[in-house]
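Undergrad: The following block contains a protein sequence and its predicted model.
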Amino acid sequence: MGSLDISALAAWHETLPELVSLIGKPGFAARLDGALRGVAPFDLSCAFAYPGRDRPMFLHDGLGPVSSTQIMTNYLNGTYLLDAVYSACLRRAPQGLHRLVDLAPDAFFEGEYYNSPDVHPCISMESGTLAEEIVFLVPVQGSFYIAYSLLRANGSPAFSGEDFERLRRTAPMVTSLAQRHWEHLAPAGSDSEPAHHPTGQNVEQAFETFAPSRLTRREQGIVSLILRGHSSMSIGRILEIAEGTVKIHRKHIYAKLDISSQTELFNLFIKHLLAGR
């Protein structure tokens, strides 16, 4: 480890008593941002609670002017269902620091959700897509997860191996602090799925109610995988069918919905997701 790494981590350790003193108080997340920027710089941050299959909670806004109120509202009301971070929490990915690229499906970064400032709360209309997102995943209780993301905006470099390693060394303390600060939000007395909130909806419900008179359940499942960022090859592996068969299904789906592209499919699903909200 170089002298820069040692000094950055030494400075981090010096902030820990203050961070502990701020647990449960306003200003905790902003101070955590500041402490971690001394370890490796980043442009934006945010934290969400994902209570199993229930509606997320927006815990910390370090996004500045990037996200409009409406886009964030849309995210909390349903577009989060396409988010790779949400999917990682739903499958109970391991605690610690992760690069989003290691959590996401193989075609996620080329997909409409990741590249759309209209539905992705961390994408700026002005600067476009992110350079990189890394995320601390914090299991709190049962299926209740905290996801605390650090982001570099378009125009900044991705997190280098050295940056990531320094931040990874903070992960045991970051996850412990975040868990203690936000654990009061988790449902009390149970380690199971929380009760479903009437304004939430899970992934299965969202896709099962999408064009049910035109698509079969199999086709709805394929739409789900397409829009969450899986390539035809990945879908084939998941469903244990040939990649060519997936492409045939995709062609049939487009024909039944009278569309000709994945972008049109995405737009139809977003309208369905947000209808009446």
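TA: Nice, thanks for sending it over. Numbers count the residues shown, from 1 in each chain.
Undergrad: from what I can see residue 123 touches residue 117, true?
TA: Yes. Using C-beta atoms under 8 Å, residue 123 is in contact with residue 117, at 4.4 Å. For glycine as for every other residue, the C-beta is placed from the backbone atoms N, C-alpha and C.
Undergrad: Who has more neighbours out of those two?
TA: residue 123 (22 against 18; other C-beta atoms under 10 Å).
Undergrad: For residue 85, give me its contacts.
TA: 48, 50, 100, 103, 133, 135, 147, 149 (C-beta atoms under 8 Å, 6 or more residues apart in numbering).
Undergrad: now those: which count as buried?
TA: Taking 16 or more other C-beta atoms under 10 Å as the criterion, what is buried in these is 48, 50, 100, 103, 133, 135, 147, 149.
Undergrad: Just list what the helix or strand containing the last one packs against, helices and strands only.
TA: Pointing back at residue 149 there. According to DSSP states H and E, residue 149 maps onto strand 144-152. In terms of contacts (3 or more C-beta pairs under 8 Å, 6 or more residues apart in numbering; DSSP states H and E), strand 144-152 is packed against strand 44-51, helix 84-90, strand 132-141, helix 161-182.
Undergrad: how distant is that strand from the center of its chain?
TA: 7 Å (C-alpha atoms, centre = their mean, to the nearest Å).
Undergrad: cool, and stretch 241-260?
TA: Centre-to-centre, stretch 241-260 and its host chain are 27 Å apart (C-alpha atoms, centre = their mean).
Undergrad: Just the CA coordinates for that stretch, please, in CSV.
TA: Extracted C-alpha coordinates of stretch 241-260, given in CSV (Å, rounded to 0.1, in the frame of the first residue of the first chain):
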residue,chain,number,x,y,z
ILE,A,241,-33.6,-22.5,-23.8
ALA,A,242,-31.5,-21.7,-26.9
GLU,A,243,-30.5,-18.1,-27.6
GLY,A,244,-32.3,-18.4,-31.0
THR,A,245,-35.5,-19.4,-29.3
VAL,A,246,-35.3,-16.3,-27.1
LYS,A,247,-34.9,-14.2,-30.3
ILE,A,248,-38.0,-15.8,-31.8
HIS,A,249,-39.9,-15.1,-28.6
ARG,A,250,-38.7,-11.5,-28.8
LYS,A,251,-40.0,-11.2,-32.4
HIS,A,252,-43.4,-12.6,-31.4
ILE,A,253,-43.6,-10.1,-28.4
TYR,A,254,-42.9,-7.1,-30.7
ALA,A,255,-45.5,-8.3,-33.2
LYS,A,256,-48.1,-8.8,-30.6
LEU,A,257,-47.5,-5.4,-29.1
ASP,A,258,-47.2,-3.8,-32.6
ILE,A,259,-43.8,-2.4,-31.9
SER,A,260,-40.4,-2.8,-33.6
